[in-house]
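Peer 1: Show me the folded form of this:
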Amino acid sequence: MLPLNLLVELGIISVALMATRFAGFGRKLAVATLVLLALAAFSPLGNLLLYPLESRFPPWDPSRGAPDGIIVLGGSVDTDLSAAHHTPVVPHAADRLLAPAELARRYPNARIVFTGGSANLVSTDAREADYSVPILESVGVPKERLVVERDSRNTYENAIFTKRLVAPKPGQRWLLVTSAFHMPRSIGIFRKAGFDVEAYPVDWRMGGREDLLSFTNMSADGLGRTDVAVREWIGLLAYRLMGRTGELLPGPAKD
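Peer 2: Numbers count the residues shown, from 1 in each chain. The predicted structure follows:
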């Protein structure tokens, strides 16, 4: 459960309790909820939770040579809004779609793979790949270089389906492009699937160590960072318990 959802539910419960014989507890719960809301919205809490995720993998080192392939994880396009408006809608993480264009120009022999279907619990014909591929083409990725995986519903299926699709050969080097906060879980999942990839983090949500103790006067920013961080930590724990990653917080491979 995400922090904002939980706090809203606690607020509703506290108001309901005030109309019962547990009114005293309801008032205390309301005060506690407001304090937690203020911490999530204005304090450095979100940054403190995000930093270990975003700093886990350094920027990719191009000095090691050209990659054989580049894998782009979905997560930028809202499939429902795109289907409703008949055009790609990118509400967040646009870097995931922009970075591959520069990589494609820099490494003309690398294969470009986009992986992303529909994360909706209810089956739908709208697939993220169908809206993301035109964006990649419009920013300069040639259509003939694109390999598209459009059936995956989550990061685990991204790894399984992509490996099956591209059949990586021993010794090949593949880059994985996704948000910096999402990189530890993504790398862990790909490793567990037997597909060694190199991290190419993008879409940072904070500047760095200097932001660790920074307060914000924009509640939406603070709540957004806290929500993203908590969701990712929950995902890391869940995937570790399910055996889909080999460690709680995957990091760079040891040479």
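
Peer 1: For the rest of this, base every contact and every neighbour count on C-alpha atoms.
Peer 2: Will do.

Peer 1: Could you find the closest non-adjacent residue to Ser214?
Peer 2: Spatial nearest neighbour of Ser214, chain neighbours left out: Pro44 (5.4 Å); criterion: C-alpha to C-alpha, 6 or more residues apart in numbering.

Peer 1: got a list of what the one you found touches?
Peer 2: 212-216, 222 (C-alpha atoms under 8 Å, 6 or more residues apart in numbering).

Peer 1: One more pass at 6 Å, please.
Peer 2: Residues in contact with Pro44 (C-alpha atoms under 6 Å, 6 or more residues apart in numbering) are 213-215.

Peer 1: between those, which has the most around it?
Peer 2: The most crowded member of the contacts of Pro44, judged by other C-alpha atoms under 10 Å, is Phe215 (16 neighbours).

Peer 1: State the three-state secondary structure for that one.
Peer 2: Secondary structure, DSSP: H, G, I helix; E, B strand; the rest coil: Phe215 is coil.

Peer 1: since we're on Val133, how many residues are nearby?
Peer 2: 20.

Peer 1: list the contacts for the nearest residue to it once chain neighbours are set aside?
Peer 2: Distances taken as C-alpha to C-alpha, 6+ apart place Phe114 nearest to Val133, at 7.5 Å, with adjacent residues excluded. By C-alpha under 6 Å, 6+ apart, the contact set of Phe114 is 71-72, 148.

Peer 1: Beyond the one helix or strand Phe114 maps to, next helix or strand please.
Peer 2: Element membership of Phe114 [criterion: DSSP states H and E] is strand 111-115. Downstream of strand 111-115, the first helix or strand assigned by DSSP H and E is helix 128-138.

Peer 1: by contact count, what packs against that next one?
Peer 2: Using 3 or more C-alpha pairs under 6 Å, 6 or more residues apart in numbering; DSSP states H and E, no helix or strand is in contact with helix 128-138.

Peer 1: quick one: that helix to chain centroid distance?
Peer 2: 18 Å (C-alpha atoms, centre = their mean, to the nearest Å).

Peer 1: which parts of it are buried?
Peer 2: Applying a neighbour-count criterion of 16 or more other C-alpha atoms under 10 Å, the buried positions in helix 128-138 are 128-133, 135-137.

Peer 1: what's the answer for stretch 88-95, then?
Peer 2: Those would be 88-90, 93, 95, for stretch 88-95 by 16+ other C-alpha under 10 Å.

Peer 1: Can you report how many residues lie near the closest residue to His182 other than its chain neighbours?
Peer 2: Closest residue in space to His182, ignoring its immediate chain neighbours: Glu232 at 6.9 Å, by C-alpha to C-alpha, 6+ apart. A total of 20 residues lie near Glu232 under the criterion other C-alpha under 10 Å.
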